[in-house]
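> this one's structure only:
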C-alpha cells in the first residue's frame, strides 16, 4: 500500500470517527435539553450567552448582586428566583451545545479535502454546521421569549435535521465498508413502509411536543406538587399521542417482516430494524411509566431522546437500504467490511 493510500485511509478513518462522535454529542445535547425541560430549568440562566452575567454561573445566591431579581427580572416580569440546580442544568446544556458546535466545525474542516473526491462529504458537513449554528441562535431566542412553545418545537425540529445531516455524511463514509443485505424483491415496498414509519414518527414527536406544552399549561394551573393530577388534566392531544404509538409499532413490524421475507442474508439492515423494534417497545414503556406513575422527571428526557434515536436509526436504515445509490459517486475499489 502506498503512502498516499495510507494517508487517505487515515483521513477517512478520522472522518468516520469524528462523524460518529459528533452524532453522539448531538444526542447528548438532546438528552440534556429534555432534562432542562422536565426539570423546569429553561430559565435557569435568564440571560444569554452568559448566565447571570457570568461565563461560569454562581453556585449560591450570595454570589449575585442583592438586586439580581431587579436586574434580570425586567424581561421575566420580575419572576427570577435563583436555583443553583436549575442554573447548572441549563448551563451544562449550553456547554454541550458549544461542544457539539465545535465538533461539527471540526468535521467541516476535516471534510475540506473531500471537495476534490466526493463533494457530498463537504456539503453535508457544511449543512450540519449551518443548522447547528442556526439552532444555537434559536436557543438564544427561546430564552429571550421566555420559552415560547413554537420556538421550543422549532428548536427540536432543527436538532433532528442536524442529526439527519450528520447521519447522511456518516452513511456515505461507511458505505461499501459495512455488510448490507441485498433486497431480492419488493425493495420499493420496504422503502415505502420505512419512509412512512419515519414520517409518522416525526408526526409523533410533534404531537409529543404538543402534549408537553399542555403539561406546562397544567403545571401553571395546579403546580409541580400535583404531579399525580397532570395526566388526568390533559386534553385530547395526550390520547392521540398514546394511540399513535401503536401505529408506529405496526409499521416497524411490517418493515422487519418485509426484510426477512425478501433477504437471504443478515447484515446491518437486520440489526438496525431489530434495534428499532426494541427501542419502539421501550419508548412505549416509558410512555406508560409517565402515564401511570405521575410523570416522573427522569422518564421525560429518556422518552424524548429515544424518539430522536428512533428517527436517526430509521433514517440510517433508509440510507443503507439504498446504499447502491450512495455508492454512485463514491469510488470504492475493494469493499472492506468493518464494525461501526
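Right, received. Where do you want to start? What you are looking at is a predicted structure, and each value in this text was computed from that prediction instead of being measured. Numbers count the residues shown, from 1 in each chain.

> where does pLDDT dip in the protein?
Applying pLDDT under 70 to the chain flags residues 1-8, 74-79, 143, 146-147, 326-340.

> domain map for it?
1-71+81-174, 178-331+336-340 (automatic domain parsing).

> export those domains to a markdown table and append columns for mean neighbour count.
The C-beta positions use only the backbone N, C-alpha and C, and glycine is treated the same way. Listed next are those as a markdown table, based on neighbours: other C-beta atoms under 10 Å:
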| stretch | mean neighbour count |
| --- | --- |
| domain 1-71+81-174 | 18 |
| domain 178-331+336-340 | 17 |
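
> wouldn't residue 294 be in contact with residue 228 here?
Yes - using C-beta atoms under 8 Å, residue 294 is in contact with residue 228, at 4.3 Å.

> hmm, who's touching stretch 246-260?
Residues outside stretch 246-260 that contact it (C-beta atoms under 8 Å, 6 or more residues apart in numbering) are 181, 183, 186, 189-190, 193-194, 196-197, 200-201, 204, 269-270, 273-274, 276-277, 280-281, 284, 317.

> sitting in helices, which of those residues do you find?
The helices, defined by DSSP state H, take in 189-190, 193-194, 196-197, 200-201, 204, 269-270, 273-274, 276-277, 280-281, 284, 317 from the contacts of stretch 246-260.

> which residues touch residue 22?
100, 103, 104, 106, 107, 128, 166.

> the first one and residue 133: what is the separation?
Using C-beta to C-beta, to the nearest Å, residue 100 is found at 11 Å from residue 133.

> one more: the second one?
Residue 103 sits at a distance of 13 Å from residue 133 (criterion: C-beta to C-beta).

> all helices for the stretch 151-300 of the chain, in order.
All helices of the stretch 151-300 of the chain, identified by DSSP state H, counting those that start in this stretch, fall at 187-222, 236-262, 268-292, 299-321.

> residue 162 is nearest to which of these?
helix 299-321 (10.4 Å; C-beta to C-beta).

> now the angle from the closest one to helix 236-262?
Orientation check (axes from the mean of the first three to the mean of the last three C-alpha atoms, to 10 degrees): helix 299-321 against helix 236-262 gives 30 degrees.

> give me the helices and strands touching helix 299-321, please.
helix 3-38, helix 149-174, helix 187-222, helix 268-292 (3 or more C-beta pairs under 8 Å, 6 or more residues apart in numbering; DSSP states H and E).

> next up, phi/psi of residue 43, please.
When quoted as degrees, to the nearest 10, the phi and psi of residue 43 stand at phi -110, psi 30.

> mind checking how far it is from residue 82?
Per C-beta to C-beta, residue 43 is found 11 Å from residue 82.

> again with residue 73
From residue 73 to residue 82 the distance is 11 Å (C-beta to C-beta).

> then residue 62?
Taken as C-beta to C-beta, the span from residue 62 to residue 82 is 10 Å.

> now residue 267
Distance of residue 267 to residue 82, given as C-beta to C-beta: 54 Å.

> now do residue 315
41 Å.

> does the closest residue to residue 21 other than its chain neighbours fall in a helix, a strand, or a coil region?
Leaving aside its chain neighbours, residue 21 sits nearest to residue 103 (6.3 Å; criterion: C-beta to C-beta, 6 or more residues apart in numbering). What DSSP: H, G, I helix; E, B strand; the rest coil gives for residue 103 is helix.
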